[in-house]
Each structure stands twice: as structure tokens, then as C-alpha cells.
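> sequence? don't have it. structure:
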């Protein structure tokens with residue numbers, strides 16, 4: 001098992017900037033700000049980012065990190081040093097939870113917290129054993145106030161179906177941790193040919209494909225029978241190494257939009273139901289907030305993440321006739 005490698009899902013760096021001050025277009029497109037008030041911006045929800053680490057000094061991230069661990073041989077194998085030496089993990093983390101601080105960028109759930117689990121090296125690869133250990137650690141982790149991880153985000157994959165990794169994923173889901181995974185970037189632009197990467201192809205994970213900012217299917221996005229939904233994954237601006245910001249493209253960028261969305265949905269739904277929801281119930285609430293884009297189900301799954309869809313439908317359905325004001329002739 002340890003001889004096989006798992007890697008970052010390939011991504012493209014479009015540009016890097018020293019400063020920016022904007023709500024990224026992807027955050028706006030998924031309508032995250034529309035439900036920030038009802039969801040308290042994801043406050044109290046911990047998301048484990050299993051990636052290349054996280055830049056703990058970045059001004060948009062430093063207050064969002066609750067802890068972390070290094071499972072790799074980087075940093076001389078120091079388990080306490082989960083600093084990002086690649087950039088990918090920092091970018092993913094910013095899309096999830098960059099602080100709303102009137103500077104830089106903002107994430108989907110700007111009050112959620114990140115558990116930074118470094119399971120890939122600076123070169124972007126790692127052993128499956130590191131990934132498995134990180135998944136298990138995330139499930140067992142408890143915070144200073146007995147917080148626990150509710151969501152795992154993995155923008156990584158490989159061609160091998162490793163039974164031990166599948167078992168770790170199943171264990172996480174069985175313990176009510178939602179596992180969000182990038183679908184993969186081996187797509188050939190053809191909707192009728194399927195590409196599979198693991199763990200994204202496991203039925204238990206929430207597999208996320210990528211669309212552009214004009215809601216066109218990204219040509220690189222994997223299409224297969226396990227895609228659950230799509231989110232912005234082209235020209236996504238987020239936090240980057242050295243207190244900078246970068247525009248990246250890939251399904252790696254789509255997955256954290258959904259991981260952050262789950263933090264908002266968990267808060268919103270558990271307030272409404274007045275109880276803790278199971279992973280299956282959380283998934284149902286997520287899928288309620290998807291809009292079909294008329295691609296094949298194997299391309300877009302249930303559709304595009306649209307966080308205020310339920311509220312929009314409610315506004316349209318509650319018409320004057322339902323309020324008893326519709327006078328019949």
C-alpha cells in the first residue's frame with residue numbers, strides 16, 4: 001500500500017497577486033453571503049483540510065486555524081509543523097474560511113475553523129498511508145472545547161482503489177463526518193467517457209466537479225457515475241503562500257466551495273430542526289440546494305451549488321393566493 005502514491009489533483013496557477021480586496025466571484029455565485037446571517041457564517045463548525053498544509057501566518061487564515069498535524073516526512077517529519085510548502089492547501093483553506101476582515105478575500109464560511117492536516121509533501125504527493133492516517137485522525141480529533149470535525153475536504157486523488165482508504169472514508173461517514181472530494185481533472189471534455197480517481201469515485205464521498213464562472217462545464221473535470229454536484233473551479237481567487245493571493249483552476253478549487261457550504265448548511269439546518277443531523281441528512285440538505293445546468297448527471301450530478309435556492313423557491317411559492325388575497329372573479 002505505501003508504495004503507491006496519491007497526488008494533488010493537477011491544477012493550473014492562472015495568476016498571483018500581492019493584494020486584493022474582494023468577495024471572490026465563486027463565493028458570490030454559490031450565494032454564500034445570502035445565508036451568512038441565518039448560518040452564522042459557519043461559526044462552530046470545524047473542517048479538516050487534508051492537503052499540503054496551511055500557511056498559518058496568512059492574515060486571512062491565521063484566526064481560522066484551530067489546530068493541525070503533519071503526517072508527511074516534510075519539515076524533518078515534525079508532526080507539529082503543518083505549514084504549507086506548496087500553496088495548494090492554503091488556497092483550498094481560503095475558499096472555505098478566509099476571514100471577513102475587509103481585506104484580501106473571504107471564504108464561503110468565514111467563521112468556520114480549519115484543522116490543517118498535512119498529508120502531502122511540498123511536491124504534492126504522498127503515501128496512501130498518510131491520507132488514511134489523516135482521515136482517521138480527523139474523525140478522532142477533539143478540540144479544546146470538545147469540538148469535533150464535521151467535514152473533511154480532500155482535493156487529492158490517485159488511480160488506485162485502496163481498500164484501507166475506502167474503509168477510512170466509510171468509517172468517517174458512519175461517524176457523521178461529511179467527506180468532500182474533488183472529482184479529478186482527467187476529463188477529456190467528452191460527457192460520455194468516464195474518468196475515475198480515488199477517493200473521489202467512492203460512493204460515500206461527496207464528489208465535486210468543476211464549472212467556470214459562467215456555469216459552463218470545465219473541460220478538465222472528471223465525468224463519471226459518482227459525481228454529486230458541481231461548483232466554481234476556474235479562475236478561483238484565494239489565499240496563497242507569502243501572504244499573497246492566487247487564481248487557480250481545477251476541481252481542487254471546486255471541492256472547498258462545497259466543504260464551506262456544508263458548514264453553513266449544518267448551522268442553518270440544525271437550528272431549524274433543533275437537533276444534530278446525521279451525515280445522510282446533511283447530504284440531503286446540500287442536494288436540496290443544487291440547480292441542474294442541463295448537463296448529463298454523470299457530468300454535473302445533482303447540479304450547481306446554490307445556497308439560497310430553498311429561500312428563492314419559498315419566495316416564489318408563497319403567492320398572494322396562498323395568503324388568501326387572491327380574489328376569484
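Now that the structure is in, tell me what you want to look at. Quick caveat, the model's predicted, so the values are computed rather than measured. Numbering: from 1, shown residues only.
> what about the helices in the stretch 201-329 of the chain?
Listed in chain order, the helices of the stretch 201-329 of the chain (DSSP state H, counting those that start in this stretch) span 251-273, 279-287, 297-300, 309-317.
> Tell me the helices and strands packed up against the third one.
Right, helix 297-300. On a contact count with 3 or more C-beta pairs under 8 Å, 6 or more residues apart in numbering; DSSP states H and E, helix 297-300 meets strand 206-211, strand 227-232. For every residue, glycine as well, the C-beta is placed using N, CA and C.
> ok so, going back, got TSV for the helices of the stretch 201-329 of the chain, with distance to residue 151 too?
Conversion of the helices of the stretch 201-329 of the chain to TSV gives the following (distance: least, C-beta to C-beta, whole Å):
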stretch	distance to residue 151
helix 251-273	5
helix 279-287	9
helix 297-300	21
helix 309-317	20
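> Out of the ones you listed, which one sits most buried?
Across these, averaging neighbours per residue (mean count of other C-beta atoms under 10 Å) puts helix 251-273 on top, at a mean of 26.
> chain center to it, what's the gap?
Taking C-alpha atoms, centre = their mean, to the nearest Å, one finds helix 251-273 lying 8 Å from the centre of the chain it belongs to.
> What of stretch 206-220?
Using C-alpha atoms, centre = their mean, the offset of stretch 206-220 from its chain centre is 14 Å.
> just stretch 196-203 next, same as before
Distance, centroid of stretch 196-203 to centroid of chain: 15 Å (C-alpha atoms, centre = their mean).
> buried residues in it?
196-202 (16 or more other C-beta atoms under 10 Å).
> Now do that stretch, average pLDDT.
What stretch 196-203 shows for mean pLDDT is 93.
> Need the contact partners of it.
If you take C-beta atoms under 8 Å, 6 or more residues apart in numbering as the criterion, stretch 196-203 is touched by 9, 131, 154, 157-162, 165-166, 169, 179, 181-184, 186, 205, 207, 222, 224, 226.
> Mind checking which of those land in helices?
Assigned to helices by DSSP state H, the following of these qualify: 131, 165-166, 169.
> Is the residue lying closest to residue 246 once chain neighbours are set aside bridged to anything, and to what?
The spatially closest residue to residue 246, leaving aside those adjacent along the chain, is residue 240, at 3.9 Å (C-beta to C-beta, 6 or more residues apart in numbering). Beta-bridge pairing for residue 240 (DSSP bridges): residue 244.
> re the thing from before, so among the contacts of stretch 196-203, which ones count as buried?
Among the contacts of stretch 196-203, the ones that count as buried by 16+ other C-beta under 10 Å are 9, 131, 154, 157-158, 162, 165-166, 169, 179, 181-184, 186, 205, 207, 222, 224, 226.
> Just give me how far stretch 299-314 sits from the chain centre.
16 Å.
> got the end-to-end distance for it?
End-to-end distance of stretch 299-314 (C-alpha to C-alpha, to the nearest Å): 28 Å.
> cool, and stretch 18-33?
First residue to last in stretch 18-33 (C-alpha to C-alpha) measures 25 Å.
> Pull out the buried positions in it.
Residues 20, 24, 26-27, 29-33 are the ones in stretch 18-33 that count as buried (16+ other C-beta under 10 Å).
> quick one: contacts for residue 265?
Counting by C-beta under 8 Å, 6+ apart, residue 265 makes contact with 39, 282, 285-286, 289, 307.
> Now residue 119: phi and psi?
Main-chain torsions, residue 119, degrees, to the nearest 10: phi -120, psi 0.
> I'd like the distance from it to residue 182, if you could.
Counting by C-beta to C-beta, to the nearest Å, the gap from residue 119 to residue 182 is 14 Å.
> What of residue 38?
28 Å.
> cool, and residue 142?
27 Å.
> these two touch, right, residue 182 and residue 9?
Yes - Residue 182 sits in contact with residue 9 when judged by C-beta atoms under 8 Å, with a separation of 4.9 Å.
> so what's in contact with these two at the same time?
By C-beta under 8 Å, 6+ apart, the residues touching both residue 182 and residue 9 are 155-157, 250-252.
> any chance of those residues in JSON lines, plus pLDDT and distance to residue 72?
Converted to JSON lines, those look like this (pLDDT from 0 to 100; distance: C-beta to C-beta, whole Å):
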{"residue": "155", "pLDDT": "95", "distance to residue 72": "16"}
{"residue": "156", "pLDDT": "94", "distance to residue 72": "12"}
{"residue": "157", "pLDDT": "90", "distance to residue 72": "17"}
{"residue": "250", "pLDDT": "93", "distance to residue 72": "21"}
{"residue": "251", "pLDDT": "95", "distance to residue 72": "22"}
{"residue": "252", "pLDDT": "95", "distance to residue 72": "18"}
